[in-house]
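# predicted model follows, preceded by the sequence.
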Amino acid sequence: MADSSNANPTLTGAEILLATLAGEGITTIFGYPGGAILPVYDALRKFPTLHHVLVRHEQSAAHMADGYARASGRVGVCMATSGPGATNLVTGLATAMIDSIPIVAITGQVSSKVLGTDAFQEIDITGITLPVTKHNFLVTRAEEIAAVLREAFQIARSGRPGPVLVDVTKDAQQATAIFDFDAAKPHPYRPHPMLRAESSSIREAVALIQQARRPVILAGHGVVESGAEKEVLALAEAHQIPIASTLLGLDAVPAEHPLSLGMMGMHGESWVNNAIQQADLLLAFGMRFDDRVTGNLTKYSPNSKKIHVEIDPSEVNKNVSVDVALIGDLKEVLSLLTPLLADQHPPRSAADSEWLRQIHAGKGNASVRDIINLPDNGHLYAAHVISDIWHEAAAAGRLEQTIIVTDVGQHQMWEAQYFKHQAPRSLITSGGLGTMGFALPAAIGAKSACPDKDVWVIAGDGGFQMTAAELSTIVQEKMPINIAVINNGFLGMVRQWQETIYDKNYAASPILSPNFVLLAAAHGIAGATVNRRADVIPNASIARTSGKPFLIDFQVEKEDGVYPMITPGSGLHEMLRRPQHDPLLELPEDQ
Amino acid sequence: MLHTFVALVQDRPGVLTRVASLFRRLNINIVSLTVGESERPDTSRMTIVCDAPENAAHRIRASLYKLETTIGVDEVNRADAVVRELCLIKVGAGPNHPHGLHSRSQIFELSQVFRARVVDLAPESIMLEMTGSASKIEGLLQVLRESGYTILEVSRTGRMAMRRGHHTSRVLQALGTRQGQNTSEFPDPDPDALREDETLPGIFEE
């Protein structure tokens, strides 16, 4: 810092900005410089604790901050210049917004004197990002920077987390002001909704749980955001309540736990969805009844009472009407609820639960047709690749130290089905927005946050090409990230929908890709092409242990589908099952 | 159906956009929206009337409260609140109009019945000012039209609402919110007012 001897030094706005970031505990900034943010970049060298990761596109900067936040639970920070730099952040902000990820995005802005004049690289980014941020600020004076930035961090991480954008004019960065970090402390966040043990809704919830014979917990992203993994599991174990997870709640409970059912919804296994449809009580924990998990709402779990524990009141009764809404932080609500249950409801054991027996009976039948249980027929299936990456990590005892970052599409669903997550924050994926191109940059963010963990990118050939330029970032940052491209020559999920709903009209879904191994080599990244199942584990092992980035091009079956599948308009129990006479078992035509 | 919300919001640039944008996003038409200063510094008060399904009220209220610039939200209905609107009406009245110069005296009479005031008299028109409920204003407009007068211009402020009795946010307190217990040892001289340092309670506390 320029004048560290003074307790409250006079600094430029740019220095105040960086000093505030450092004061908030930030160590990494993902960004891209440009004219309107240059004063901040000029001051960076004075802050040795702040590491700047140069991205190749600002969208990736937002995804990296996002991946950083998802992996660590801390606020991620990204930075861009005005105009195109700022607009490029929008997709990343929207991705973070819909998945409730705390990030702070800092953008440069033209000088306050020319605001609104269509100056070079001027854009109304606070206007543009209004619907894709939890809140945003325009700062035009150096004196305001510290307080606004600290408030931005508070908003990002409080309540239901989300992205906050701070737009700082260039003259505010250049002007000087007295920097007083403590005086810039924001007021306490708006009063948090507080339930009490004697609240009527808590009592109603207790009564519903007592009466339930077929309860199911729906674990969402809120379980992880609230840090309530242990509390949810304790409640489930005490009362033998099975847990179905949303995509973002998959890593909230260990997949191998006997009460964990796996993913619900559009590509959830039949026993999970059937359990939800047959339940007489749904305990929705930190999830929002997204259309991808409910299917047709009019047919959704028709005979169940519903308890919704949710921090955001606007989510209550939005899609599904609930009987009891408990507004608040999940961990706090459970700390009220669980002791009351212990008093009034003797814990059940697994043995006397007819309900659990019924659910598990459905499993055996459903998994028979699963490709994962079929003998090797010489073809490589994505399910095998993902399952074997999991086997490899598990065999090495690295499962809890492995973070999987997926892109969006078929491979994402296969990952959710076949990678058995054991630790919270071990799956990073774009759930709500379904942003293709998310995986590689988000993995860079995750690796920055957790350098000691093994980070795997699992991406399709389509999505990987959207942000493949970040391979360069990996090399520049010397990040040993492992990349699995699930390459089937198609935009696979689009193709599957076209197969199922559009009469196999494969319009614009076949995609030509470069030789990914050569592409990696051009960046100085080693790689391998794999098209036999026997080669998956050895190559995954090389990737994990090489200490350098490694890319594997998995050339998998082209027209494979994700099953079960609930087509639009169908109820959760009306799924397309895995094909009975598995065409994948037939001999290839060329033999 | 019509819903009426009262929102206390920060008095800052861009706040109106955030509120309006919320209704745009929910695809709900705003019937009227009034904004002005409130009794507290740096706090504006909005009355928003919108046409939305009955079950949308909770979501609108919760979404309004979710905005970082919102301090408090209340939904009021006619039974427990005073709802008023101000209207300026310019009516054609002069020698060239159907009723000729007689029209002026007739309009004066009508305005007395409706407790409207004549605020401007021009050679060819009269301007009336009227405060009241929306239905009363519509009543006057209807009578004027049915009496054959030409209504040249109408400007309405949209509805403003205020709960009867306790302060809007005090009602929420009485429902059992965080600040329900008054710890002050002196009786509050004006229990319906809010102290300057008093923060408004969150509406979703039980």
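That came through, no problem.

# quick check: residue A:42 is in a helix.
Yes. Counting by DSSP: H, G, I helix; E, B strand; the rest coil, residue A:42 falls inside a helix.

# identify the residues contacting it.
residue A:14 (CB atoms under 8 Å, 6 or more residues apart in numbering or on different chains). Where you see a C-beta, it was placed from the backbone N, CA and C, and this is true even at glycine.

# how much space between it and residue A:34?
Computed as CB to CB, to the nearest Å, the residue A:42 to residue A:34 distance reads 13 Å.

# do you know how far the closest residue to residue A:264 other than its chain neighbours is from residue B:123?
Excluding the flanking residues, the one nearest residue A:264 by CB to CB, 6 or more residues apart in numbering or on different chains is residue A:244, at 4.2 Å. Applying CB to CB, the value for residue A:244 to residue B:123 is 77 Å.

# residue B:83 too?
Taken as CB to CB, the span from residue B:83 to residue B:123 is 36 Å.

# quick one: what helix or strand has residue A:519 in it?
Assessed by DSSP states H and E, residue A:519 sits inside helix A:516-522.

# which secondary element of the chain has the worst mean pLDDT?
In the absence of a named chain, chain A is used. When each helix and strand of chain A is scored by mean pLDDT, DSSP states H and E, helix A:354-367 comes last, with a mean of 81.

# tell me which other helices or strands the helix or strand following it touches.
Downstream of helix A:354-367, the first helix or strand assigned by DSSP H and E is helix A:382-395. Contacts defined by 3 or more CB pairs under 8 Å, 6 or more residues apart in numbering or on different chains; DSSP states H and E place helix A:382-395 against helix A:410-418, strand A:454-460, strand A:482-487, helix A:536-545.

# the closest residue to residue A:442 other than its chain neighbours - how many residues pack around it?
Distance criterion CB to CB, 6+ apart; nearest residue to residue A:442, sequence neighbours excluded, is residue A:67 at 3.1 Å. When counting by other CB atoms under 10 Å in any protein chain shown, one arrives at 34 neighbours for residue A:67.

# so residue A:67, which state does it fall into?
What three-state DSSP gives for residue A:67 is helix.

# what segments of chain B are strands?
B:2-10, B:29-37, B:43-51, B:70-76, B:81-92, B:117-122, B:125-132, B:151-156, B:160-163 (DSSP state E).

# chain center to the shortest one: distance?
On the basis of CA atoms, centre = their mean, to the nearest Å, the separation between the geometric centre of strand B:160-163 and that of its chain is 6 Å.

# please apply the same query to the first one.
Distance, stretch centre to chain centre, for strand B:2-10: 9 Å (CA atoms, centre = their mean).

# quick one: buried residues of it?
B:3-10 (16 or more other CB atoms under 10 Å in any protein chain shown).

# need the helices and strands packed on helix A:382-395 in JSON lines (columns: mean neighbour count).
Below are the helices and strands packed on helix A:382-395 laid out as JSON lines (neighbours: other CB atoms under 10 Å in any protein chain shown):
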{"stretch": "helix A:410-418", "mean neighbour count": "26"}
{"stretch": "strand A:454-460", "mean neighbour count": "28"}
{"stretch": "strand A:482-487", "mean neighbour count": "28"}
{"stretch": "helix A:536-545", "mean neighbour count": "19"}
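
# which among those is found nearest to residue A:184?
strand A:454-460 (34.7 Å; CB to CB).

# I'd like the average pLDDT over the closest one.
Averaged over strand A:454-460, pLDDT sits at 98.

# and for the helix or strand just after that strand, what's in contact with it?
Next in sequence after strand A:454-460, counting helices and strands by DSSP H and E, comes helix A:461-466. With contacts defined as CB under 8 Å, 6+ apart, helix A:461-466 is touched by A:407-409, A:436-440, A:457, A:483, A:485-492, A:511, A:513-514, A:516.

# break chain A into its domains for me.
For chain A, the structural domains run A:10-178, A:200-365, A:372-560, going by automatic domain parsing.

# what's the first-to-last distance across the longest one?
One end of domain A:372-560 to the other measures 13 Å (CA to CA, to the nearest Å).

# just the first one next, same as before
Distance between the two ends of domain A:10-178: 4 Å, counting by CA to CA.

# before we move on, back to that, for the domains of chain A, which has the smallest mean pLDDT value?
The lowest average pLDDT among the domains of chain A, as it happens, falls on domain A:200-365, at a mean of 92.

# from the chain's centroid, how far away is that domain?
20 Å.

# check stretch A:11-24 too.
With CA atoms, centre = their mean, you get 29 Å for stretch A:11-24.

# give me the nearest residue to the residue nearest to the spatial centre of chain B, chain neighbours excluded.
Note on chain B: the residue nearest the mean C-alpha position is residue B:160, at 1.4 Å, using CA atoms, centre = their mean. Nearest non-adjacent residue to residue B:160, counting by CB to CB, 6+ apart: residue B:47, 4.8 Å away.

# got a pLDDT number for that neighbour?
pLDDT, residue B:47: 96.

# that one: neighbouring residues, count only.
24.

# what separation do you get for it and residue B:34?
Counting by CB to CB, the gap from residue B:47 to residue B:34 is 5 Å.

# now do residue A:286
38 Å.

# of these two, which one has the most company?
Ranked by neighbour count (other CB under 10 Å), residue A:286 and residue B:34 place residue A:286 first, with 31 against 17.

# just confirm the more buried one contacts residue A:310, I think it does.
Yes. Residue A:286 lies in contact with residue A:310 (CB atoms under 8 Å); the separation is 6.8 Å.

# any shared contact partners between those two?
By CB under 8 Å, 6+ apart, the residues touching both residue A:286 and residue A:310 are residue A:222.

# with adjacent residues omitted, what lies nearest to the closest residue to chain B within the stretch 1-150 of chain A?
Residue of the stretch 1-150 of chain A nearest chain B, by CB to the nearest CB: residue A:135 (4.1 Å). Leaving aside its chain neighbours, residue A:135 sits nearest to residue B:68 (4.1 Å; criterion: CB to CB, 6+ apart).
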